[in-house]
Structures are given as C-alpha cells and as structure tokens.
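>>> Below are the sequence and a predicted model; questions follow.
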Amino acid sequence: MSPAPADELGRKPLDGGWGWMVVVGAHISIGFAYSTPKVLSIFYKEIQENLGASSSEIAWISSIMLAAMYAGGPVSSMLVTRFGSRPIVMAGGLMCGVSMVTASFGNSMVYLYLCIGIIGGCGLSLNLNASLTIISKYFLVKRPLANGLAMAGSPVFLCLLAPLNQYLLYTYGWRGSFLILGGLMLNCCVAGALMRPVIASCKTSNCAPQKKVEDKPNESNTKLKESCMKSAKSFLDLTFFKDRGFVIYLIGSIMFIFGAYAPIVFLSAYAIDQGVDEFSAAYLLTIMGFVDMFVRPATGLIASSKRVRPRIQYFFSFALVFTGTVHLLCPMITVFKSYSYTFLATYAVFFGVGFGMVFALIFECLMDLMGNERFPSAVGLVTIIECFPMLLGPPAAGLLVDIFGDYKYLFFMCGTVILTGGLFLFIMNIYNYHMLEKEKPGKDGEQNQLNVESQEHVSALEVEMKHTPEAEMERSEPEAKEANGVQREPQPEKSAETPH
Amino acid sequence: MIPGKRRAAVMSFSLAMIGALLLQTVSSQNEPSIASSDHTSLPVEGDSYLLQCNLTSAHSVHQESYWMKNGEEIAETRSPNRNTEYFLKKPRGDAAGVYMCVYTFETAPPANATIEVKSAPDIIGHKRSENKNEGQVAVLYCKSTGYPYPIWNWRKFDNGFPREIDNSSGRFTISSRDNYTELHIANLDIDLDPGEYHCNATNMLGTRDEKIVLRVRSNLAPLWPLLGVLAEIIILIVIIVVYEKRKKPDDLQDDDDHAGPVKTNSTNNHKDKNLRQRNTN
C-alpha cells in the first residue's frame, strides 16, 4: 500500500493553495539574499571613518559576501537534498542574523570580513538554494510565474532596504544599524517556517514523468534513480557536464553574468560623465530597480502561458539578446546630446526590463532542463561556477574604462558578450532539440507527440488541480457503484490500496 | 680739559657722525626701491583690482620677478619685466591675503614689496550636523577666508542663549590656526553635550558666525527596535507553526482520504459480508 501513490503527481505540484505562501517565503528569502550585499554599501563611509579603512578594503566586504553566497551553492544543495528546504532556510536566516549582530561589535576589518562576508554569505547561500528548490517542489504548471514572483524579491527588497538603511544609519549609527539589520534578517526564519515540506519521495519512476520527456530521455529513467542517491552523497556532481542541455545553459548564463553587473556598477559614473548631476544619476538606478520589480512577475506570467512554456529556452535567449542590444545602443547617447538625461532614463527602463526578464527566467530554465530531482545539485554547481564571471565582470569593465578613458567601450563589451550569449543559446537550443529528436530511437514524431501528450497531461492536471475533490469523486463514482453505491469513496484512479 | 684735545674730540665725533650718515645714504642707495599699489580691502569698487609693482631703482641687474600669496609662489607669474602686475578678477573672500612681488637679482639678495588685501571673514567650511555615539570623540571644525586671520571663538547655544563652553570636565579642546579651527569634545555625554555650537570668526573688518548641531546617540538606543523585531519574528513563527499543527489533522484527513473512506468502505464491506453471511447463514 503506497502511502501517496500517483499523488506523486497529484500532490507535489500543488500549483496553488499553500504554494503561494511558499512563494511569499521564497520572495523574502531571495530578496534578502540578493539585496543585502548591495545595500551594505550605504554604511561604508561611516565604517571607513570609524575603523580607518581604505575604500578598496571596505569594498571587499560586499565581494566576499557575494562570493561566499555563490560558492556555497554545492554545500547548500547537498544539505537541501538531505534535510529539505525548511530547516535549511531557518538555519540560513539564523546564520545571517547572528552574523550581522556579531558584526556590530567589530573593531577591525578582518572581523567584518569574517562575520558579514563569510558567515553572512554562507547563510545567504543556504537561503537562495533552498528557496529555489522548494518552488520546484510546489509548482509545475504555474512554476514560471512562481519563479518570477519569488525572484522579484530582489528588486523589492533593494528598494525597501536602501532608504531604511539610510534612516537607520542616521538614527543609530552603523553599529546600531547592523544590530537591527541582524534582527530583520531573522525574518528569513519566518520565511523558512512558511516552507512546509512536501511529503514526497522520488524513489518511484513516476517522478514528474512529463518533465523527463522534455529532458534528455536517453538518460532519464536510469539517471533518475541514480541521481536520487547520488545527490544525497556527493555535492559536486560532475556528471552534469555530460548533459548537453546543461552545458549549453551554463555557457549562456556565464556570458550573461559576466556582462550583467558592470553596467549597474558604472551607470551613475557614466551619467555624471555625460553631464548629469549626482542626484539624478543615482535616481537612474532607482528607476531600473522599480521597473525590474514589475517585469519579473510579468515575465513569469508570460512564460507560464501555453504558447511560451514549451519554448521557454527560446524565450530566455530572447531576453538575453534584448538585454545585449539595449547595452549596445546606450553609447548612442552622443547622438542625443541635448536630451542626455531622458535618453539615460529610457535606457534605464529598458535595462530594467531586460534584466528582470533574464533573472525571472534564469532559474526557471534550469528547472526546466534538470527536473526536480537534479535541480538542487545543478543549481549548486551553476552558482559556484557563476562566481567567477560575477567577480571578474565589473573589474574587467573598469579596466576597459581606465585604458580607453571612455565609458562606451564598457557598454560595447557588456552588450556584445550578452548578445553573443543569447545568440549562442538560441542556436544551440535549436541544435539540441534537433539532436534530441534524432536520438529518440526510431520514432521520429514521438518527441512531438509526447510533447503534445505532456501538454495535454499538464492541462489535465491543471483541470484536476482546480477540482480535486470533485474530480476524484467523479472518477471514483463508477468504482463506488461497483462496491456499494452507498458510500462515495474518493479514490484516485491509479490507487492500488483498496483493501478489498 | 686742554682746548686742543676738546676740539679733536668734537671733530672725531662729527667725522663719525658724517661717516655713519654717508654709510647710510650709500647703503640706501644700494637697496632697490619698489613702487607698489596700495593696501586695499574687499569688496573693491568695480569688478577687479590690479596689484602693481615697479622696480624703480636697483644697483644690480635684475633677473626676474614673481608674485607670492601668503608665503607661497603663485604659478605662472614669473616675468623678466621691471614692471609686474597681478590682476585680481572679481575677487571673493578667498582672494584676501598678503601678496608679495619679489624681484630676484644676479648678484644680490631678492627684494620684495608687500600688498595686503584684507577682507572680513567668511566661514566656508563646516558640517551642518554631526552625529556621534556617546563616549566617542566629536570634532567640530570651521574654515574661513579673509585677512587678517581671524580670532576664533566657540560658543554653545542653550535655548537660544549663547554661553561660553564650560570646560570644567576638561573634555573640550580648541585648536585654532590661521583660517581653521577645531573643537574636540572627548567622551561625549548624552545629557550635557548635544545642542547647537557656534564658531565665531572676528577680525578688524568684521565678524561671522556659523552654526553646527551636535547629536549624541545613545548606545542602548538600537536595543528597543531589535527587541521589537525579535518579538515580531517569534509571534509570526508561532502563528505559522500553530496554524500548521491545527491544519495537519485536516491535511491528514485529505491524505488518508483513501485510508479514511477506505476504512468506511471496509466496514461497509464487513457489514455487507455480515449481511451476506447472515444471508447465507
């Protein structure tokens, strides 16, 4: 008597209900993870004065935090597969809170590097990985929307924390602010409490079958059982590199990350260089963040739609191409000398759109490629590899600016890299799907058929999700009539547990 | 005294006098003379002021001339002319100071003339407010322009009334130098020290005042918001966990829907079986 039979399918992708609370939890968790390293820079000036550090020494805090957050990926994915998301997010929140509170008593830079950078960064990496994993457990049909909503946490928290931090700094000084921020980060524990674990096992091969169809079918079934065991044991699963789709995705996302952060870092400086005043230049980033906030859920909504969902990898490459093009067009500001601020503001809006689209889809595409079981380890591997372009991108761009003395080369470089990444993804995905069709033994149109079937199955599931109890009752009616006709026994059709 | 000796003494005395006088005239003839503009004070009539120096007489060949301001050479003012000028265009407070035109000679020490450009003090550099934690050191500073260098004075305004700073605790240190002054307050006290401080610059032409607000933060102040946040977090977690525990029986009901009704099914069957058995029996 299996405890939860094809509840594997009927239960895991809840696609609603408590799932939305989980999205709220993930939103908070991811929000803290991405925005904290950025907003800490508000405190730098006062810490510099207080502890007597140089600008480069103090900038290391953010870098170490980001690096630890990304590098902690594999460890965090191993812990998530072992213990589930809830305890990990609560542990992560606790670590972050404790790190900020202890940092408030610091008297040297090394102490701050250790507390905020390493311990805080590790806490955030636990948060990030676990939040993404639990979304994949709770959602299937509406997963892109859930991902978009959760990833929107990053710009929302950035917009919330920035003025809050200013106020805290003014009222309490940097030590008091860190103390209070530590308390606020414990809200990640609340987010973790929301992430109710899903009672599911991946021991049966019924695990999200139609997802496996879209994956590489020649490895699916054998790989599935292996990876279930493997992901719990090894945390750096290098067999991922044999997966063509994974490698393509990895290359595309590395190229994106390399060019993604440099424009953000240098946008204000570029604006001031073009003659805009300081206050308006800082406002550009606010515009970008604000646009980003709305674009991410919107992209998730679009990606959830019937037309785009099967072609989500292409949508992702479109987003990359769009962002790359926007960057390449930015130096055209020289044509619009008299309207430079309007031009820059428009650029910021489009940049926000592109950035939001990519980030809403970046983990959704990985989930789409890898499936639920392999996703935690995959995301750990991806984040630790992404650590390098993320840390190298802005300094490389800065080097370009120093050598040529002109910001436009920065935008050319970033735009070209991202555009190339997008085109690479697009072409390689066409190739990949083509190869998948070829690899399907004998049956040419099976891929299409299965896709169609899976879509029908998915839509059937959707219908089922809406009317679960009634549907079950409807389906079980004939059986009830068989048995007694008196009692209605809601039984899912694949149930094998009737005692009689 | 012998009349002859007296006459000799007078003569030697007058000779010495004449000699000294001669020496003086000769030496003053050796000194170069410079005709320079008058001292002035800002603001000037019109938009600009011209500082002029003319080397009217010199005993040796002159090399070049340049200008100095407040003891430092002004760049790009070196010229070989005897008549040298420095143009002050729209002079503001920072143009005030001691200007010197300097002439260098090949075989003689340089000569110079001084022109003073005076103005009333104007305070240009100060922080409007300073926030520090108690126990720390606060440094309030003021920077001024104007010449002659002002006399600095620090006062604390309590309820609108100026009071001299009470240094009975020895925590206050004032260091003033030319155009710059600093007030150091060590070991900030949250009750006594916060408030409005005024730095005052006074010279013969005028006086100027500027206000700086000092706020002292308590070290325990952030504890209250922290406790509030912790309370909020604990309450939320408790609510979520309690809600989950209460929902769990319902959830289990849903889970064991197959189990639950199955049980009823089995009882039904038992009943049926019983019925049947009875029937058969």
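Thanks, I have the structure now.
>>> Show me where the stretch 101-250 of chain A has its helices.
A:109-112, A:121-138, A:143-151, A:153-185, A:187-194, A:209-214, A:220-233, A:244-273 (DSSP state H, counting those that start in this stretch).
>>> Please apply the same query to the stretch 101-250 of chain B.
B:223-255.
>>> One more: the stretch 351-500 of chain A?
In the stretch 351-500 of chain A, the helices defined using DSSP H, counting those that start in this stretch lie at A:408-439, A:446-466, A:468-483.
>>> mean pLDDT lowest for which of the ones you listed?
Mean pLDDT per stretch puts helix A:468-483 lowest among the helices of the stretch 351-500 of chain A, at a mean of 45.
>>> Apart from its neighbours in sequence, what residue is nearest B:T145?
Excluding the flanking residues, the one nearest B:T145 by CB to CB, 6 or more residues apart in numbering or on different chains is B:G93, at 3.7 Å. For glycine as for every other residue, the C-beta is placed from the backbone atoms N, C-alpha and C.
>>> From what I see, A:S280 and A:T342 are in contact.
No: using CB atoms under 8 Å, A:S280 is not in contact with A:T342, being 10.9 Å away.
>>> neighbour count winner among those two?
Legend: neighbour count by other CB atoms under 10 Å in any protein chain shown for A:S280 and A:T342, higher for A:S280 (14 against 10).
>>> helix, strand or coil for that one?
For A:S280, the assignment made with DSSP: H, G, I helix; E, B strand; the rest coil gives helix.
>>> Show the model's pLDDT score for it.
We have a pLDDT of 82 for A:S280.
>>> Now it. Nearest residue, chain neighbours left out?
Distances taken as CB to CB, 6+ apart place A:Y341 nearest to A:S280, at 6.2 Å, with adjacent residues excluded.
>>> So the one you found sits against A:V276, correct?
Yes: with contact defined as CB under 8 Å, A:Y341 and A:V276 form a contacting pair (5.3 Å).
>>> Looking at stretch A:314-332 now, give me its mean pLDDT.
Here the average pLDDT along stretch A:314-332 is 92.
>>> From the chain's centroid, how far away is stretch B:101-108?
The chain centroid and the centroid of stretch B:101-108 are separated by 38 Å under CA atoms, centre = their mean, to the nearest Å.
>>> Can you pull out the residues in contact with that stretch?
With contacts defined as CB atoms under 8 Å, 6 or more residues apart in numbering or on different chains, stretch B:101-108 is touched by B:32, B:34, B:36, B:51, B:53, B:55, B:58-68, B:84, B:86, B:110-113, B:115.
>>> For the stretch 1-150 of chain B, which segments count as strands?
Secondary structure of the stretch 1-150 of chain B by DSSP state E, counting those that start in this stretch: the strands cover B:33-36, B:40-41, B:48-57, B:62-69, B:72-73, B:83-89, B:97-105, B:111-126, B:129-133, B:138-147.
>>> tell me the most buried of those?
Per residue and on average, the most neighbours among the strands of the stretch 1-150 of chain B fall to strand B:138-147, with a mean of 22 (mean count of other CB atoms under 10 Å in any protein chain shown).
>>> helices or strands up against that strand?
Other elements packing on strand B:138-147 under the criterion 3 or more CB pairs under 8 Å, 6 or more residues apart in numbering or on different chains; DSSP states H and E are strand B:111-126, strand B:129-133, strand B:180-185, strand B:195-203, strand B:206-217.
>>> now those strands as JSON lines including distance to chain A and mean pLDDT?
JSON lines is the format used below for these (distance: least, CB to the nearest CB, whole Å; pLDDT from 0 to 100):
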{"stretch": "strand B:111-126", "distance to chain A": "17", "mean pLDDT": "85"}
{"stretch": "strand B:129-133", "distance to chain A": "5", "mean pLDDT": "85"}
{"stretch": "strand B:180-185", "distance to chain A": "15", "mean pLDDT": "89"}
{"stretch": "strand B:195-203", "distance to chain A": "18", "mean pLDDT": "88"}
{"stretch": "strand B:206-217", "distance to chain A": "6", "mean pLDDT": "88"}
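>>> Which of these sits closest to A:G356?
strand B:129-133 (36.7 Å; CB to CB).
>>> Which elements pack onto the closest one?
Identification of packing neighbours for strand B:129-133 by 3+ CB pairs under 8 Å, 6+ apart yields helix A:153-185, strand B:138-147, strand B:206-217.
>>> mind putting those in JSON lines, distance to B:L188 included?
Output for those, formatted as JSON lines (distance: least, CB to CB, whole Å):
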{"stretch": "helix A:153-185", "distance to B:L188": "12"}
{"stretch": "strand B:138-147", "distance to B:L188": "6"}
{"stretch": "strand B:206-217", "distance to B:L188": "5"}
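>>> A:D368: which of those is closest?
helix A:153-185 (20.5 Å).
>>> Buried residues in the closest one, which are they?
Of all the residues in helix A:153-185, those buried under the rule 16 or more other CB atoms under 10 Å in any protein chain shown are A:153-159, A:161-162, A:164-165, A:168-169, A:171-185.
>>> any residue of it up close to chain B?
Yes: residues of helix A:153-185 are located near chain B by CB under 8 Å from any CB of the partner chain, namely A:170-173, A:175-177, A:179-180, A:182-184.
>>> tell me which of those residues is nearest to B:N133?
Nearest to B:N133 among the residues of helix A:153-185 next to chain B, counting by CB to CB, is A:G173 at 5.3 Å.
>>> Read off the pLDDT value for the closest one.
For A:G173, the predicted pLDDT is 87.
>>> Would you confirm that it contacts B:N133?
Yes: using CB under 8 Å, A:G173 is in contact with B:N133, at 5.3 Å.
>>> Find the residues that touch each one of A:Y341 and A:V276.
Common contact partners of A:Y341 and A:V276 (CB under 8 Å, 6+ apart): none.
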